[in-house]
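Colleague: Can you look at this prediction? I've put the sequence above it.
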2 protein chains.
Amino acid sequence: MAQVTLNVEGMSCNHCVKAVEGALEKVGATGKVSLETKQVNVEYDESKLNVEALKTAIEDQGYDVV
Amino acid sequence: MAQVTLNVEGMSCNHCVKAVEGALEKVGATGKVSLETKQVNVEYDESKLNVEALKTAIEDQGYDVV
């Protein structure tokens, strides 16, 4: 398993947390959002996913990965 | 139809807008949220609902009506 920390703009409430974590779960990754640091810690299988796919999943929810 | 403007704390994103407007719709009212002013304009049938019921619907979503 690989691990990456992404900085994400626009997450403001628990609905946002669920949207982001849910989108990551849907592509097969496990995300943990911190609203305080505006970061998402993601664990993923690097044989199946890459960072670009994680970013796309988050951006598709309307957030910017910076 | 009656109309009331409520000041609501904690609404921060479009998910919040949907949560609040959806909760009002569920009790039979029509709400319009402004994230900028933190206000919700509500139209409701005063023969079926009162302001207290509107407040409860919003508070049940985790927001404070002030």
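Modeller: Perfect, I can see it now.

Colleague: Show me what residue of chain A gets nearest to chain B.
Modeller: residue A:15 (3.2 Å; Cβ to the nearest Cβ). Placement of C-beta: from N, CA and C, glycine included.

Colleague: Let's see the pLDDT reported for that residue.
Modeller: We have a pLDDT of 96 for residue A:15.

Colleague: Provide the secondary structure category for residue A:16.
Modeller: For residue A:16, the secondary-structure state derived from DSSP: H, G, I helix; E, B strand; the rest coil is helix.

Colleague: what's the neighbour count on it?
Modeller: 22 (other Cβ atoms under 10 Å in any protein chain shown).

Colleague: re earlier: and the closest residue in space to the residue of chain A closest to chain B that isn't next to it in sequence, how many residues sit next to it?
Modeller: Distances taken as Cβ to Cβ, 6 or more residues apart in numbering or on different chains place residue B:15 nearest to residue A:15, at 3.2 Å, with adjacent residues excluded. Residues lying near residue B:15 (other Cβ under 10 Å) number 19.

Colleague: Quick check: the residue sitting furthest away from the middle of chain A vs residue A:1, distance?
Modeller: Farthest-out residue of chain A from its mean C-alpha position, per Cα atoms, centre = their mean: residue A:47, at 17.8 Å. With distances taken as Cβ to Cβ, to the nearest Å, residue A:47 is found 10 Å from residue A:1.

Colleague: got it, and residue A:7?
Modeller: 21 Å.

Colleague: again with residue A:61
Modeller: 23 Å.

Colleague: who has more neighbours, those two?
Modeller: Using other Cβ under 10 Å as the criterion, residue A:61 and residue A:1 rank with residue A:61 on top: 17 against 9.

Colleague: so what's the more buried one up against?
Modeller: A:19-20, A:23 (Cβ atoms under 8 Å, 6 or more residues apart in numbering or on different chains).

Colleague: can these go into CSV with extra columns for distance to residue B:53 and pLDDT?
Modeller: Formatted as CSV, these follow (distance: Cβ to Cβ, whole Å; pLDDT from 0 to 100):
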residue, distance to residue B:53, pLDDT
A:19, 29, 97
A:20, 33, 98
A:23, 34, 98
